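sequence and predicted model, in that order:
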Amino acid sequence: MNPDVAETSTSAARGKKTAFAASLAVAFIAAATIAGAWYFQLVLDILPCPLCLEQRYAYYLAIPLGLFVAFITGKGAPRCLIMPGLAVLALAVLGNAGLGAYHAGVEWGYWPGPADCTGPVLDLGKAGLLDNLDKVKVVRCDEVQWRFLGLSLAGYNAMISLLMAALAGWGIAALAGKVR
């Protein structure tokens, strides 16, 4: 066998193995993060604001898509099918990192947040909400409910999402033959 062909097939196999590991890692990290979010919400009673809930969408996409990309990679799918899946994963979690950074900036007061979770509440009497106000816990996007080492959950979401984007990018680079 020609040594160049053997090296190319070894490199392709190594690229697929890396892509498999990367997509599986993204799915696992996404699942662990969502489990943590639900733990904070259901066990610790730290309720999510509207921006927190929006940040979960990328995780809900990353779990099944990461598992699907890992599955098709393990079944020997061609690179032309694997790379777009990894690219969608990377773009979704990269966008989520931006949303998490935006939310953290709202919490730190660097910029205003969306009006539906940071604006003033006006005349609740007309909506009949005053009678039920003691039963409702309003969660504002600009108030931090929990911090660890100076970062809020939105800040950790941004970091975790960047990690997942880097993993998906690592898988793409490995498939493209740019990582050994």
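Noted; the coordinates are in hand.

residues making contact with stretch 14-31?
The contact list for stretch 14-31, computed with C-beta atoms under 8 Å, 6 or more residues apart in numbering, reads 58-59, 62-67, 69-70, 73-74, 76, 79, 82, 85-86, 89, 93, 160, 163-164, 167-168, 170-172, 174-177, 179-180. C-beta coordinates here come from the backbone N, C-alpha and C atoms, glycine included.

give me the helices and strands touching the least confident helix or strand in the chain by mean pLDDT, please.
Least confident helix or strand of the chain, by mean pLDDT, DSSP states H and E, is helix 115-118 with a mean of 70. With contacts taken as 3 or more C-beta pairs under 8 Å, 6 or more residues apart in numbering; DSSP states H and E, helix 115-118 sits against helix 50-74.

next SSE after the helix it packs on?
helix 79-108 (DSSP states H and E).

neighbours of the residue nearest to Pro64 when sequence neighbours are not counted, just the number please.
Once flanking residues are discounted, Pro64 sits nearest to Ala27: 7.8 Å by C-beta to C-beta, 6 or more residues apart in numbering. With neighbours defined by other C-beta atoms under 10 Å, the count for Ala27 comes to 23.

renumber starting at 13 from here on
Noted, 13 is the first residue going forward, which turns the last one into Ala39.

before we move on, back to that, quick check on the contacts of stretch 26-43: which are buried?
70-71, 74-75, 77-79, 81-82, 85, 91, 94, 97-98, 101, 105, 172, 175-176, 179-180, 182-184, 186-187 (16 or more other C-beta atoms under 10 Å).

which pLDDT value belongs to Val118?
Per-residue pLDDT puts Val118 at 88.

related to what we said a few turns ago, distance of the residue nearest to Pro76 from Ala109?
17 Å (C-beta to C-beta, to the nearest Å).

cool, Leu73 as well?
From Leu73 to Ala109 the distance is 14 Å (C-beta to C-beta).

of the two, who's got more company?
Ala109 (21 against 16).

list the contacts for the nearest residue to that one once chain neighbours are set aside?
Ranked by C-beta to C-beta, 6+ apart and with sequence neighbours excluded, the top spatial neighbour of Ala109 is Ser173, at 3.7 Å. Ser173 makes contacts with 70, 105-106, 108-109, 112, as judged by C-beta under 8 Å, 6+ apart.

now do Ala166
Per C-beta under 8 Å, 6+ apart, neighbours of Ala166: 63-64, 67, 112-113, 115-116, 118-119.
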